[in-house]
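Participant: Coordinates for the following, if possible.
(chains A, B and C)
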Amino acid sequence: MIAMTNGFEEEAAAFAAAMPDRANADRIPLSARARFARPTPYLDALNPAQREAVETLDGPVLVLAGAGTGKTRALTARIAHLLNTGRARPNEILAVTFTNKAAREMKARIGDLVGGAIEGMPWLGTFHSLSTKLLRRHAELVGLKSSFTILDTDDQLRLLKQLVAAASIDDKRWPARLLAGLIDGWKNRALTPDRVPSSEAHAFAYQGTELYAAYQERLKVLNACDFGDLLLHVVGILQHHPDVLEKYQRWFRYILVDEYQDTNVAQYLWLRLLAGGHRNIACVGDDDQSIYGWRGAEVGNILRFEKDFPGAKVVRLEQNYRSTPHILAAASGVIAANESRLGKTLWTDLAEGEKVRLIGHWDGEEEARWIGEEIEALSRGSRGLDPIPLDGMAILVRATHQMRAFEDRFLTIGLPYRVIGGPRFYERLEIRDAMAYFRVAVSPDDSLAFERIVNTPKRGLGDKAVQELNRTAREHEVSLLDAARILVRDGGLAPRARGALGGLVADFDRWHELVQEGADHVALAEQILDESGYTAMWQNDKTPEAQGRLENLKELVKGLAEFENLQGFLEHVALVMDNETDENAEKVSIMTLHAAKGLEFPAVFLPGWEDGLFPSQRAMDESGLKGLEEERRLAYVGITRAERLCTISFAANRRVYNQWQSSMPSRFIDELPEEHVEVLTPPGLYGTGSGAAAASSTLADVAARADVYASPGWRRMAARTTERTGARHEPRNMTIDATAVATAHEIGARVFHQKFGYGTVEAVEGEKLLIAFDKAGSKHVVARYVTAADEIPF
DNA sequence: GTCTGCGAGGTTTTT
DNA sequence: CCTCGCAGAC
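Facilitator: Next up is the predicted model:
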């Protein structure tokens, strides 16, 4: 969602700088090379395998890097080495990652290694950001203008919805989401509409390819791309324009790819084309950590690397620097059950440490309660280990809905936590709206953005007005904003609507002029939000979310200051949808297993190991054995996140959509090697057990117990036990300090809570308050998590 | 054109 | 249970 109408010249200039003419380049390198001809201290820090991965500079290299084996270190050292030996200058190295985070990290680490002497690496980035750069340069070859807009998922869905409606197809039969998924899938596999295999284009799906083709047409008219297009267009250009291909093949002397196991077909083609000349391509990956098959990643890419690049050198990194032997052995035991893998044997010379702990619980709430207590104990330094800070602990769940139990519990006991990977900042409604305003102000032809906010806040421009706008736009072949201009001029629409529309057009004209004049963009952004009435809309909104939304808008405007201008910001946002929550506060992390890849924590909790949940029923239904193996890799990723302590748990009963459902322990539990696992007895089983200290039993016992759990007799017994000892688990809370008392609240006071919104205090129970929330109902909440209602800004 | 109430569905996610 | 989207009422 960007447009580069006036920013493009700058972009082009930057591009030229990043990629000077070959002839010109040859005059520079001597000095540049001399500058990097230095000793190689970064090599000394490497083990033999890593060294091999770094020093094998020519020809194809596949580095199979197991979890925690120093993959990033090898990759960055390799880049440093390329620079240092004068093999390539910074702008001749193409280094590809999947996430912006990984790209940032790598940039930082290379800077450290080379002493920050390189002026950045212009071609280090994600597949998508690099593709954008290339595509802006050659857009005309695929019928786009270099100022093309990048659509986000939201734009994409709205567009598809329109197309479905326009084709008078039942939108029940073709929900936009389904269609978007289908199209994404095709694009992942580099299939243009005409190339979708007929087997998939049959009957039902036939309409799908028609719609796909219509969608592509529409994108061209809008001068827009979706994420898949960024890659696909580049692949198309490289395939159909040998001169362009050759130019880049020669320019990028060395290619490096991170997380190769996650590449999809389109990305694979992209790489193979660019590496086709010299074949100096180094791919780093771990087939055991391929967990994105469901979104098009092809483990096959890594499995058949040697076939694609004959003569490839394969280097295995097997020494693990992260986890203790027990943890490593448990992970290896699980992953060994997978059939299709290249196979690696991880080893470590770290001290033995704790066994992986396994515990079963009666239900999900008890699991959350137990983990909460464990976390508090571990942070105090109980359990015979050195204290682990809260931010050294993580709960890794299979599905987001598991997070809730933990959030509820931690709110109740006042345990600070952070949820990673919730709704992302830039995906929030208010942020998208605000950005739509910016987009139109920057590029008045961005019709999708215009349509999004034409009636937000309400201006009396409903469906009918929008239809009329679209009709006029089509008739005159102009953008929506120009269509609005025409309607206003010619007296179309009802007088009221016409007035409102005229006002909006005048607003955008004014703002656009300010953009052109190069007015201060932060002030301008604020002005736009103000004058459009958007800020006022939320200020007048009485729902609990409104406050947060206003906060977010403030945050957005604040964030703008980091960019040179609005267009720079919009480009950034289009490609970088992550939000850095860099609160450094000590908090426990809650996230999905997917989000945890690449991270590590001293202590990791893996709850919800139940068949159906993990492995997920859906994955197995949809992808069978392949799905199961991917789930198993997910288990492997989860366990290998742990440095010192890994605790796996399952619950016999879980509430799913308000229905109680009892389940069996995950089949992965059976795959844990017994000698590396310590089985804990759940609290409550004998009425008085309190946590982890209780007697050990065997895996078989636990499995058997799970059966017992499901029996009616046990339920009755457990119900009695919990009733009798219900209060026993309330922990003496040591994370609460004097501040809790300082924020005293009285019965009847109006308060505000981040998650639950506004409410009235009904009772004060020590450090906890019983609050009747306006929207969320009555809840017990720790006092310091609420503020008096009138303390809230705005 | 906007608001309300009812029904259907329920997501692992990055760009 | 909760959220979102749509149809129908105002």
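Participant: burial measure for the residue in the stretch 251-400 of chain A positioned nearest to DNA strand C, as a count.
Facilitator: Closest contact between the stretch 251-400 of chain A and DNA strand C, by CB to the nearest atom of the strand, is at A:T400 (12.0 Å). C-beta: built from backbone N, CA, C; applies to glycine. Applying other CB atoms under 10 Å, we find 14 residues neighbouring A:T400.
Participant: mind listing what's buried in stretch A:403-416?
Facilitator: A:403, A:405-406, A:409-415 (16 or more other CB atoms under 10 Å).
Participant: Need the max-distance pair from those residues.
Facilitator: Greatest spatial distance among the buried residues of stretch A:403-416 (CB to CB): A:M403 and A:G414, at 17.6 Å.
Participant: hang on, the earlier thing: tell me the pLDDT of the residue of the stretch 251-400 of chain A closest to DNA strand C.
Facilitator: Note for A:T400: predicted pLDDT of 84.
Participant: Tell me the spacing between it and A:V478.
Facilitator: In this view, A:T400 and A:V478 are 43 Å apart by CB to CB, to the nearest Å.
Participant: same question, A:T99
Facilitator: Note on A:T99: its distance to A:V478, by CB to CB, is 39 Å.
Participant: Listing partners with orientation, what would you give for the helix or strand hosting A:F650?
Facilitator: Secondary structure from DSSP states H and E places A:F650 in strand A:642-656. Using DSSP bridges, strand A:642-656 pairs in its sheet with strand A:356-363 (parallel), strand A:601-606 (parallel), strand A:659-662 (antiparallel).
Participant: ok now the first one, how far from the chain's centre?
Facilitator: Think strand A:356-363. What separates the centre of strand A:356-363 from the centre of its chain is 29 Å, taken as CA atoms, centre = their mean, to the nearest Å.
Participant: Which elements pack onto the very next helix or strand once past that strand?
Facilitator: Going down the chain from strand A:356-363, the next helix or strand is helix A:364-380, by DSSP H and E. When contacts are defined as 3 or more CB pairs under 8 Å, 6 or more residues apart in numbering; DSSP states H and E, helix A:364-380 sits against strand A:356-363, strand A:393-397, helix A:403-413, strand A:601-606, strand A:642-656.
Participant: next one: stretch A:466-477 to chain centre, how far?
Facilitator: In this view, stretch A:466-477 has its centroid 37 Å away from the chain centroid, taken as CA atoms, centre = their mean.
Participant: Quick check: the closest residue to DNA strand B within the stretch 401-550 of chain A vs A:R471, distance?
Facilitator: Across the stretch 401-550 of chain A, the shortest distance to DNA strand B (CB to the nearest atom of the strand) belongs to A:G462, at 2.7 Å. Distance of A:G462 to A:R471, computed by CB to CB: 15 Å.
Participant: same deal with A:D286?
Facilitator: To A:R471, A:D286 is 54 Å away according to CB to CB.
Participant: And those two? Which one has more around it.
Facilitator: A count of neighbours by other CB under 10 Å puts A:D286 above the other of A:D286 and A:R471, at 27 against 13.
Participant: so that one makes contact with A:A67?
Facilitator: Yes - with contact defined as CB atoms under 8 Å, A:D286 reaches A:A67; the gap is 6.6 Å.
Participant: and the residue nearest to A:E629 when sequence neighbours are not counted, what does it touch?
Facilitator: Nearest residue to A:E629, sequence neighbours excluded (CB to CB, 6 or more residues apart in numbering): A:N338, at 4.8 Å. Contacts for A:N338 (CB atoms under 8 Å, 6 or more residues apart in numbering) come out as A:288, A:629, A:632-633.
Participant: Need the residues you listed in TSV (columns: pLDDT and neighbour count).
Facilitator: Putting these into TSV (pLDDT from 0 to 100; neighbours: other CB atoms under 10 Å) gives the following:
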residue	pLDDT	neighbour count
A:D288	91	28
A:E629	89	23
A:R632	93	22
A:R633	92	24
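Participant: Now for these: which two are most distant?
Facilitator: A:D288 and A:E629 (9.9 Å).
Participant: Now A:A88. Its backbone dihedrals?
Facilitator: The phi and psi values for A:A88, taken as degrees, to the nearest 10, are phi -150, psi 150.
Participant: list the contacts for it?
Facilitator: A:82, A:253-254.
Participant: Around A:F425, how many other residues sit close by?
Facilitator: 17.
Participant: Might one say that it is in contact with A:N552?
Facilitator: Yes - when contacts are counted by CB under 8 Å, A:F425 is listed as touching A:N552 (7.0 Å).
Participant: quick one: common contacting residues for the two?
Facilitator: A:I431.
Participant: which residues does the closest residue to A:D408 other than its chain neighbours contact?
Facilitator: Using CB to CB, 6+ apart and skipping residues adjacent in sequence, the residue nearest A:D408 is A:A368, 7.3 Å away. For A:A368, the contacting residues are A:405-406, A:408-409, A:607, by CB under 8 Å, 6+ apart.
Participant: Tell me the secondary structure at A:A473.
Facilitator: helix (DSSP: H, G, I helix; E, B strand; the rest coil).
Participant: For the residue lying closest to it once chain neighbours are set aside, I want the exact helix or strand it lies within.
Facilitator: Leaving aside its chain neighbours, A:A473 sits nearest to A:A483 (3.8 Å; criterion: CB to CB, 6+ apart). In this assignment (DSSP H and E), A:A483 forms part of helix A:480-490.
Participant: Which neighbouring elements make contact with that helix?
Facilitator: Secondary elements touching helix A:480-490 (3+ CB pairs under 8 Å, 6+ apart): helix A:447-453, helix A:463-476, helix A:495-517.
Participant: Compare those helices and give me the one nearest A:L570.
Facilitator: Closest to A:L570 of the helices and strands packed on helix A:480-490, according to CB to CB: helix A:447-453, at 9.7 Å.
Participant: so how far is that closest one off the chain centroid?
Facilitator: That offset, for helix A:447-453, works out to 26 Å (CA atoms, centre = their mean).
Participant: and it, what's its mean pLDDT?
Facilitator: The model assigns helix A:447-453 a mean pLDDT of 87.
Participant: does any bit of it sit next to DNA strand B?
Facilitator: No - judged by CB under 7 Å from any atom of the strand, helix A:447-453 stays clear of DNA strand B, getting no closer than 12.8 Å.
Participant: by contact count, what packs against that helix?
Facilitator: Packing partners of helix A:447-453 (3+ CB pairs under 8 Å, 6+ apart): helix A:153-166, helix A:429-442, helix A:463-476, helix A:480-490.
Participant: Which stretch among these is buried most, on average?
Facilitator: Highest mean neighbour count of the helices and strands packed on helix A:447-453: helix A:429-442, a mean of 23 (counted as mean count of other CB atoms under 10 Å).
Participant: tilt between that helix and helix A:480-490?
Facilitator: 70 degrees (axes from the mean of the first three to the mean of the last three CA atoms, to 10 degrees).
Participant: Good, wrapping up.
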